[in-house]
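Asker: prediction below, plus the sequence it came from.
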Amino acid sequence: MKKAILLVISLSFLFFFLKSVFALNMESPLFKIQYGEIGIAGGNKSSANYSLSDTVGQTAAGQFNSTGYIVKAGFQYLHSIIPFRFSISNTNINFGTLIPNSPQTATTTLTVSFGAAGQYQVTAIEEGRLRTLDEVNSVPDTQCDGGTNTCNESLAKPWTSNTAYGFGYNMSGNDIPSDFIDSTYFRPFPNRQENESPAVIMSSANVGRNRQAVMTFKVNISPIQPAGKYQTIINFVATPSF
Amino acid sequence: MKIFRFLFVIFIFYFLFFISSKDINAQSVSLSLSPPLVETVIKPGKSILIAYTIVNYADPVILSAKVLPFEPKNNLGQIKIKEEFEGPIRFSLDNSHLKLNQSFFLKTNENQQLLLRLRVPEGAKEGDYYYTLIVESQPVTTQLEKSASFAKASIGANILITVTESGKIEIKPKIVLFEVLPRFRFSFFGKKINFFDSTDPIPLILIIENQGKNLIKPEGEIILKGNFGEKAKFNLIPQNILSQSQRLIQATPSAEIDCSNLSKFRACQSPVSLIISGFFLGFYRLSTAVIFGENSPQISAATSFFAFPIKIFTGLMVALAIGFFLIKRFYNKD
């Protein structure tokens, strides 16, 4: 019995330390693989493009007093590899005929390509409420289902009730805010006429090509909403970081 | 005659329902603007010319360009563009037939060079000024006869301007946070002890504050040292820290983790500077030393953590217990 216990303990210790010795090697094959992957993004510092930027900066620095300026354009000039590009698949988001208590949805796809070692962001803001051309009647911005599921311009909440009225949006895809948990989560647009700040709807710190997100617009009107053609403009602004 | 009338009605029907319905076809916008970032150090009284290129990859579009100031929104490198122009810097376009805020037309796959003149008036106050050149599309709002929203696409490029008479810039950095996000944190005699499972990825946060009046760019590395002499280095990515702001500085090579299965993992809930993966055992020390160009002061910080194979150890204990139970039962039978 004692020999058996001793054997089990000895084997356990052997197993324990064998694991440790293997794991403590920080140059393990796993680690090197990860280095290679990230190196595409982070290794920019040693790329030919970056060296070029360094040289420009130093040369210009010595000339400051005579010329009066130094210019560095394009963060290490890396952007020229994947230019900063922003696309909207459909700029006319047609809701058709609005029917009370019957939510209408429409989608557009936003795409951003960005090859820098910095970040990018896309913001959205409505230029005014969804309203008739004579600006008399408007659809309110959604509050989602209300109660504990009341959403706002920076927090998405479920909007599933057909008797919850308003205008809002959902996001899905790459680089979207984490509060858009699934396709039932919506936010209202910030409104420029109410001095609200644009909402960040896409952002990333990683180098990327064709980062795509789908924006789903949703409108639900009440039975007392006056008939008419309701329209608004959503301003999307894509900017790189600094 | 009746046949001609019938054909005429068919023609009108076709025209109304097919020709006019083309108006509601999807309209797409795809723009690129380069260079996306310009940094300049400039004396009062001087001016420079920056050549931007805007390319239209989608349907023909009407565009216009404008310049607005921005400020950092948070420590993640995001910006907040102000609604109104402010500051002493004067911008104009040197294009012969184009001015700022003036509309111009671009066909598909056509590009337009925008020659942006930036002028710093004599007597302009020394310091930093941050602007964004914005090129925006004009939405076509009259085509739809139904309820709709129209997207206006704008693409921006940032301009960071340091105005200085002497060429010297103020460097006043401070590390405000250099800390791991541990699985467990204990307090022992007033000292915080960070604790991880050996297989956990180690998320690290480095936030630097720029207390000066000019932007700075960090250079340096993060070093991980283990209790068995092992060492790993991670380079800081030289991201600009604007004046009077903080920024989360990223380091490379950072591990990537799949947050779809680790949504409660703290590194999946908020951005981090670095994620170190591997198998860790014992005491580890993380340190960083950062400079901001030649002859700048060096700032440093350090933190530490313990790692122990909790999951493996727990599994081992369970295996031992089962082993003891089985052996005991086997001998009892004998």
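Answerer: Great, that's in hand.
Asker: what's around A:Pro226, how many residues?
Answerer: Using other Cβ atoms under 10 Å in any protein chain shown, the number of residues around A:Pro226 comes to 10. All C-beta spots, glycine's among them, are computed from the backbone N, C-alpha and C.
Asker: so it: helix, strand or coil?
Answerer: Under the three-state scheme (DSSP: H, G, I helix; E, B strand; the rest coil), the conformation of A:Pro226 reads as coil.
Asker: phi, psi for B:Val135 please.
Answerer: phi -110, psi 120 (degrees, to the nearest 10).
Asker: show me what contacts it?
Answerer: Contacts for B:Val135 were tallied using Cβ atoms under 8 Å, 6 or more residues apart in numbering or on different chains; they are B:Leu31, B:Leu33, B:Ile54, B:Leu63, B:Ser64, B:Ala65, B:Leu114, B:Ser154, B:Ile155, B:Gly156.
Asker: the fifth one and chain A: what is the separation?
Answerer: Separation of B:Ser64 from chain A (Cβ to the nearest Cβ, to the nearest Å): 13 Å.
Asker: now that residue: which helix or strand?
Answerer: Element membership for B:Ser64, per DSSP states H and E: strand B:61-72.
Asker: and that strand, what's buried?
Answerer: Neighbour counts over strand B:61-72 (16 or more other Cβ atoms under 10 Å in any protein chain shown) mark B:Val61, B:Leu63, B:Ser64, B:Ala65, B:Val67, B:Leu68, B:Pro69, B:Phe70, B:Pro72 as buried.
Asker: same question, stretch B:161-179
Answerer: The neighbour-count criterion (16+ other Cβ under 10 Å) identifies B:161-164, B:167, B:169-171, B:173, B:175, B:177-179 as the buried residues of stretch B:161-179.
Asker: got those residues as TSV, with pLDDT and distance to chain A columns?
Answerer: Conversion of the buried residues of stretch B:161-179 to TSV gives the following (pLDDT from 0 to 100; distance: Cβ to the nearest Cβ, whole Å):
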residue	pLDDT	distance to chain A
B:Ile161	95	10
B:Thr162	95	9
B:Val163	95	10
B:Thr164	92	9
B:Gly167	84	4
B:Ile169	88	11
B:Glu170	91	16
B:Ile171	92	14
B:Pro173	94	16
B:Ile175	96	20
B:Leu177	95	17
B:Phe178	96	18
B:Glu179	94	19
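Asker: got those as TSV, with secondary structure columns?
Answerer: Below are those laid out as TSV (three-state DSSP):
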residue	secondary structure
B:Ile161	strand
B:Thr162	strand
B:Val163	strand
B:Thr164	coil
B:Gly167	coil
B:Ile169	coil
B:Glu170	coil
B:Ile171	coil
B:Pro173	strand
B:Ile175	strand
B:Leu177	strand
B:Phe178	strand
B:Glu179	strand
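Asker: nearest to A:Asn90, of those?
Answerer: The closest of these to A:Asn90 turns out to be B:Ile161 (Cβ to Cβ; 37.1 Å).
Asker: returning to that earlier point: other SSEs contacting the strand holding B:Ser64?
Answerer: Of the remaining helices and strands, those touching strand B:61-72 by 3 or more Cβ pairs under 8 Å, 6 or more residues apart in numbering or on different chains; DSSP states H and E are strand B:29-34, strand B:47-56, strand B:79-81, strand B:104-106, strand B:110-119, strand B:127-137.
Asker: and the angle from that strand to strand B:127-137?
Answerer: For strand B:61-72 against strand B:127-137, the angle by axes from the mean of the first three to the mean of the last three Cα atoms, to 10 degrees is 150 degrees.
Asker: next, the angle strand B:29-34 makes with strand B:61-72.
Answerer: Computed by the same axes, to 10 degrees, the angle separating strand B:61-72 from strand B:29-34 equals 50 degrees.
Asker: in its sheet, what does strand B:61-72 sit against?
Answerer: Take DSSP bridges as the rule and strand B:61-72 pairs in its sheet with strand B:79-81 (antiparallel), strand B:104-106 (antiparallel), strand B:127-137 (antiparallel).
Asker: what about B:Lys333, neighbour count?
Answerer: By other Cβ under 10 Å, 6 other residues sit near B:Lys333.
Asker: follow-up on the earlier one: redo the contacts of B:Val135 as CSV? Include pLDDT.
Answerer: Conversion of the contacts of B:Val135 to CSV gives the following (pLDDT from 0 to 100):
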residue, pLDDT
B:Leu31, 96
B:Leu33, 93
B:Ile54, 96
B:Leu63, 96
B:Ser64, 96
B:Ala65, 97
B:Leu114, 96
B:Ser154, 96
B:Ile155, 96
B:Gly156, 95
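Asker: what is the most widely separated pair among the residues you listed?
Answerer: Once Cβ to Cβ is applied, the contacts of B:Val135 give B:Leu114 and B:Ser154 as the farthest pair, at 14.2 Å.
Asker: name the residues of the stretch 51-200 of chain B found near chain A, please.
Answerer: B:55, B:57-58, B:72-73, B:76-81, B:130, B:132, B:134, B:136-137, B:139-141, B:143-158, B:160, B:167, B:198 (Cβ under 8 Å from any Cβ of the partner chain).
Asker: tell me which residues of stretch B:224-235 come out buried.
Answerer: The neighbour-count check on stretch B:224-235 (16+ other Cβ under 10 Å) flags B:Leu224, B:Lys225, B:Gly226, B:Ala232, B:Phe234, B:Asn235 as buried.
Asker: report the contact partners of the residue nearest in space to the middle of chain B.
Answerer: Taking Cα atoms, centre = their mean, the centroid of chain B lies closest to B:Gly77, which sits 5.1 Å from it. With contacts taken as Cβ under 8 Å, 6+ apart, B:Gly77 has the following neighbours: A:Gly118, A:Gln119, A:Ala205, A:Ser241, A:Phe242, B:Gln239, B:Arg247, B:Leu248.
Asker: rerun that using 6 Å as the cut-off
Answerer: With contacts defined as Cβ atoms under 6 Å, 6 or more residues apart in numbering or on different chains, the neighbours of B:Gly77 are A:Gln119, A:Ser241.
Asker: quick one, the helix or strand encompassing B:Gly156 and strand B:110-119 angle?
Answerer: Of the helices and strands defined by DSSP H and E, B:Gly156 is found in strand B:147-163. Orientation of strand B:147-163 against strand B:110-119 (the same axes, to 10 degrees) gives an angle of 40 degrees.
Asker: now for strand B:147-163, which elements pack on it?
Answerer: Applying 3 or more Cβ pairs under 6 Å, 6 or more residues apart in numbering or on different chains; DSSP states H and E, one finds that strand B:147-163 contacts strand A:85-88, strand A:92-96, strand A:230-240, strand B:29-34, strand B:37-42, strand B:127-137.
Asker: what angle do whichever strand in chain A runs longest and strand A:230-240 make?
Answerer: For chain A, the strand reaching the highest residue count under DSSP state E is reported as strand A:208-220. Using the same axes, to 10 degrees, the interaxial angle of strand A:208-220 with respect to strand A:230-240 works out to 160 degrees.
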